[in-house]
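Engineer: show me how the following folds:
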Amino acid sequence: MENQPLHPLSSPPLTPDGEPDTRDKLLEAAGRVFAARGFRDATVREICTLAGANIAAVNYHFGDKLALYREVIKFAGCQAMAKYPPGQAFNEHLRPDDKLTAFIRNYLDRLLDEGRPAWHGMLIAREMVDPTSILDELVTTFVNPQYIRLTAIVSELLGPSATPERVRLCVTSVVGQCLFYKNCRPIVERIMPEHEYTPEGRERLAAHITAFSLAGIERIRSLGPASTGVEPS
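Structural biologist: Numbering: from 1, shown residues only. Below is the predicted model of the structure:
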């Protein structure tokens with residue numbers, strides 16, 4: 001599958017002067033090629049061919065392949081954040097449980113949205129399993145702000161029982177539940193065909209993960225203050 005040629009892009013959008021928007025076409029083509037081949041196996045020639053651009057266009061618009069890859073990662077992340085901004089998850093006037101509800105719903109929307117180009121999710125998945133030097137930038141720009149926010153929400157929910165380890169474990173448990181339905185989708189669809197990857201299905205899933213997480217966090221909270229770790233029951 002990975003060695004098969006990609007289908008050419010449709011006609012490019014036109015700028016006001018009637019010229020194709022080459023930079024946007026390169027971003028879209030590069031996203032598809034990087035997602036299908038990975039950064040190391042992707043070639044500038046295939047990207048330019050897919051975009052209908054001269055092979056020198058990448059150097060002209062971006063500098064080199066790594067700089068293009070950086071822009072593609074940023075492009076995909078910004079599109080996801082623009083479509084599903086964190087919004088209520090950052091509203092300090094909400095109760096902590098409502099903040100968690102908003103965070104989980106927003107996170108699932110960005111993870112499971114089927115309306116975005118398919119290469120968005122594939123690209124990020126590849127970067128996770130075969131990281132490049134761009135991963136640190138991805139974490140700093142997109143991941144860490146979300147992690148910090150969820151950490152604050154969980155800390156608020158745990159109250160006096162919050163220790164660094166308890167907070168960290170609760171945060172990763174919340175995120176892990178969400179990621180399962182993204183990363184394990186082929187298995188989910190086979191063993192649980194009744195699960196719906198639809199907006200309505202995401203809403204029900206968000207409600208379940210929130211309820212499950214709140215119950216777990218309340219259980220940890222009931223352990224009371226501790227110096228380290230989560231004590232066995």
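
Engineer: geometric centre of the protein: which residue is closest?
Structural biologist: Nearest to the geometric centre of the chain sits Leu111, at 5.5 Å (C-alpha atoms, centre = their mean).

Engineer: run the chain-centre distance for the helix ranked longest in the chain.
Structural biologist: In the chain, with assignment by DSSP state H, the single longest helix is helix 199-221. Centroid separation for helix 199-221 versus its chain: 19 Å, with C-alpha atoms, centre = their mean, to the nearest Å.

Engineer: equivalent analysis for stretch 159-171, please.
Structural biologist: For stretch 159-171, the distance to the chain centre is 24 Å (C-alpha atoms, centre = their mean).

Engineer: ok, back up a step: just to be sure, the residue nearest to the centre of the chain is in a helix?
Structural biologist: Yes: assessed by DSSP: H, G, I helix; E, B strand; the rest coil, Leu111 belongs to a helix.

Engineer: just the angle between the strand or helix carrying Ile148 and helix 199-221, please?
Structural biologist: In this structure, Ile148 is located in helix 144-158 according to DSSP states H and E. Calculated by axes from the mean of the first three to the mean of the last three C-alpha atoms, to 10 degrees, helix 144-158 forms an angle of 50 degrees with helix 199-221.

Engineer: if we can go back for a sec, just checking, the residue nearest to the centre of the chain touches Cys184?
Structural biologist: No: using C-beta atoms under 8 Å, Leu111 is not in contact with Cys184; the gap is 11.9 Å. (C-beta placed from N, C-alpha, C; glycine too.)

Engineer: next one: whichever strand or helix holds Tyr60 to chain centre, how far?
Structural biologist: Per DSSP H and E: Tyr60 is located in helix 57-61. With C-alpha atoms, centre = their mean as the basis, helix 57-61 stands 27 Å off its chain's centre.

Engineer: who's in contact with it?
Structural biologist: For helix 57-61, contacts defined as C-beta atoms under 8 Å, 6 or more residues apart in numbering pick out 22-23, 26, 44, 47-48, 51, 64-65, 68.

Engineer: need the contact partners of the worst-scoring helix or strand of the chain on mean pLDDT.
Structural biologist: Least confident helix or strand, the chain: helix 118-129 with a mean of 86, by mean pLDDT, DSSP states H and E. Here helix 118-129 makes contact (C-beta under 8 Å, 6+ apart) with 31-32, 34-36, 38-39, 72-73, 76, 79-80, 111, 134-135, 138, 182-183.

Engineer: following element in sequence after it, please.
Structural biologist: Next element after helix 118-129 (DSSP H and E): helix 135-138.

Engineer: before we move on, the earlier item: mind listing what's buried in the longest helix of the chain?
Structural biologist: By 16 or more other C-beta atoms under 10 Å, the buried positions in helix 199-221 come out as 202, 205-206, 209-210, 213-214, 217, 220-221.

Engineer: what's the answer for stretch 112-124, then?
Structural biologist: Of the residues in stretch 112-124, 112-113, 119-124 count as buried by neighbour count, 16+ other C-beta under 10 Å.
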